[in-house]
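> I would like to see how this sequence folds:
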Amino acid sequence: MTNLLLKNIEKRFGKTEVIRGVDLVIEHGEFVVFVGPSGCGKSTLLRMISGLEDISGGELYIGNRLMNEIQAAKRGVAMVFQSYALYPHLSVRDNMGFGLKVRKVSEEERIRRVAAAAATLKLEALLDRFPRELSGGQRQRVAIGRAIVGNPAVFLFDEPLSNLDAELRVHMRSEIAALHKRLSTTMIYVTHDQIEAMTLADKIVVLRDGRIEQVGSPRELYENPANQFVAQFIGSPRMNILPAANAAMLAPNSTTPVTAKSVGIRPEHIAIVSSSESALRGKVALCEYTGAVTLMHVQLPNEQTCLVVHDKNEVPPPGSELGLIAEPANLHFFDQKGQAA
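Residues are numbered from 1 along each chain as shown. Next up is the predicted model:
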C-alpha cells in the first residue's frame, strides 16, 4: 500500500520562496489533482515528489520511506510530461521499452511489459511506427505507456493534455480516468484547467502562491469553498461576488452573517424574473449563446456585472431590464479577509 505524506514541504530558489510549508496526505489508489493559477507552485511541487527538484525544507515520504535524499530513479514513481519527450529516432515499441533497457531488464520481460501496456492503451497497431507518424493523442498514449511499463507505485502527470485540441482533450481525459480505474494506482495530476480537475479527481488540492488553499472532493470544493479564491476558481463560469447588502435583495429570506462583507452566488443558481418581482435589478449587457445554455451578463445599478446561466429558449435581448432571485441555500458569505463567513 503506497501512500504519500508531505510534511511542511518548502522550496526556495535563492531567496525566493516558491512552496511555503505544504502539508498533505495522499492515500493509496487516490487520483489527486493539483490545480491553481499559473505560478502557484503546482508543477514545482510535482517535480519535488518525483525527485527532479530538491526539497529545501520539510519531509517527503512515499510508502512510509523518507525520500528527501533518494534519487528520482529509485523513488518508484513515473512521470508523464506535457511535451511527451519521445525519442524521434525510436519506434513506439522502443520508446516504451527504453527505460527498462537502461535498467537492464531482460529482453523477454521488456517485450512482455511493452505488449501488456500497448494492449491496455490500444497501441498494438502502432508499435512499429515512429513519433512523427503519430497524432498528438497517440503520442501522449505512448508517453503514458512508457510510464506504465515500469510498474510504478505512483504516476505523476504534469499538464499532459495542454497540447491537445479541445475534442482530443475530452477523449484523453476519459482514457486517463479509465486507466486509473483499471490500474488502481496512486495518481497525481497537475493542471490549470479546473474542468479537468473536477472531472478526474477523487481529491483536489487548490494551490495559490505556494500554499494550499483547500483540499477536498470536487463536490466539497464546489458546494463548500473555504474562501473566496476557491469559490471563484472552482466552477465555470466563475462565481459572482457581490456586496453583502445584495444578499437580502437577491434572496429576501436569507440571513446574512454579521462578519460577512460579500456574498457569492453561482451563475447557474440565479433565476430571472420581471423587474417588479425582485429588489435586485439590472440590465442585460451581453448574451453569449453556448448551445445548451445562454450566459447572460447583467449590469447592476452599482456598475458591477453579474453572470447568469439561462437555460430557457427565450432570452431577454440586450438592454432589457429584469430582476434576479436565488435560493438562500445557494448563497456563500465571505468576511473581510475573503474567508468563508
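> How are the strands of the stretch 151-300 of the chain distributed by residue range?
154-158, 186-191, 203-208, 211-216, 240-243, 262-265, 271-273, 281-289, 294-299 (DSSP state E, counting those that start in this stretch).
> would you turn those into a markdown table with mean pLDDT, mean neighbour count and distance to Val92?
Yep, even glycine has a C-beta here, placed from its N, CA and C like the rest. Listed next are the strands of the stretch 151-300 of the chain as a markdown table, based on pLDDT from 0 to 100; neighbours: other CB atoms under 10 Å; distance: least, CB to CB, whole Å:
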| stretch | mean pLDDT | mean neighbour count | distance to Val92 |
| --- | --- | --- | --- |
| strand 154-158 | 95 | 23 | 19 |
| strand 186-191 | 96 | 25 | 22 |
| strand 203-208 | 97 | 24 | 33 |
| strand 211-216 | 98 | 19 | 37 |
| strand 240-243 | 96 | 20 | 48 |
| strand 262-265 | 97 | 24 | 48 |
| strand 271-273 | 94 | 15 | 53 |
| strand 281-289 | 95 | 16 | 42 |
| strand 294-299 | 96 | 20 | 42 |
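> any chance of the ones you listed in TSV, with distance to Leu322 too?
Listed next are these as TSV, based on distance: least, CB to CB, whole Å:
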stretch	distance to Leu322
strand 154-158	44
strand 186-191	36
strand 203-208	34
strand 211-216	34
strand 240-243	15
strand 262-265	15
strand 271-273	5
strand 281-289	7
strand 294-299	7
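> closest to Val25 out of those strands?
Closest of the strands of the stretch 151-300 of the chain to Val25 is strand 211-216, at 8.9 Å (criterion: CB to CB).
> what distance separates that closest one from the middle of the whole chain?
12 Å (CA atoms, centre = their mean, to the nearest Å).
> Residues touching it, excluding its own?
Contact with strand 211-216 is made by 20-24, 36, 203-207, 221, 224-227, 229-230, as judged by CB atoms under 8 Å, 6 or more residues apart in numbering.
> Could you spell out the sheet neighbours of it, each with its direction?
When sheet partners are counted by DSSP bridges, strand 211-216 sits next to strand 203-208 (antiparallel).
> returning to that earlier point: emit the PyMOL select command for whichever of the contacts of strand 211-216 are buried.
Written as a PyMOL command, the selection of buried residues from the contacts of strand 211-216, which uses 16 or more other CB atoms under 10 Å, is:
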select buried, resi 20+22+24+36+203+204+205+206+207+221+225+226+227+229+230
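> Which parts of the protein belong to which domain?
For the chain, the structural domains run 4-232, 240-334, going by automatic domain parsing.
> would a markdown table of these with distance to Ala340 be doable?
Formatted as a markdown table, these follow (distance: least, CB to CB, whole Å):
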| stretch | distance to Ala340 |
| --- | --- |
| domain 4-232 | 6 |
| domain 240-334 | 6 |
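> can you tell which of the ones you listed is closest to Ala341?
domain 240-334 (4.0 Å).
> The closest one: end-to-end distance?
In domain 240-334, first residue to last residue: 12 Å (CA to CA, to the nearest Å).
> Neighbours of Pro232, how many?
To be clear, residue 232 is Gln; Pro isn't right here. Neighbour count for Gln232, taken as other CB atoms under 10 Å: 17.
> and the gap between it and Met198?
Gln232 is 14 Å from Met198, where distance means CB to CB, to the nearest Å.
> Let's test this: what are the backbone torsions at Gly97?
phi -100, psi 0 (degrees, to the nearest 10).
> dump the residue contacts of it.
110-111, 113-114, 149.
> contacting residues around the spatially most central residue of the chain?
Geometric centre of the chain, nearest residue: Ala197, 2.8 Å, by CA atoms, centre = their mean. Contact analysis of Ala197 by CB under 8 Å, 6+ apart lists 33, 35, 191, 204, 218, 234.
> next one: Ala153
Neighbours of Ala153 in contact, by CB under 8 Å, 6+ apart: 2, 62-63, 76-77, 185-186.
> what bridges to the residue nearest to Leu300 when sequence neighbours are not counted?
Nearest residue to Leu300 in three dimensions, chain neighbours excluded: Gly282, at 4.6 Å (CB to CB, 6 or more residues apart in numbering). On the basis of DSSP bridges, Gly282 is bridged to Leu322.
> doesn't Ser320 make contact with Gly282?
No - in this structure, Gly282 is not within contact of Ser320 by CB atoms under 8 Å, at 9.5 Å.
> so where do the helices sit in this structure?
Remark: helices assigned in the chain by DSSP state H are 42-50, 92-102, 107-120, 136-148, 166-183, 194-200, 218-223, 228-233, 246-250.
> any chance of those helices in TSV, plus mean pLDDT?
Below are the helices of the chain laid out as TSV (pLDDT from 0 to 100):
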stretch	mean pLDDT
helix 42-50	96
helix 92-102	93
helix 107-120	93
helix 136-148	91
helix 166-183	89
helix 194-200	91
helix 218-223	97
helix 228-233	96
helix 246-250	95
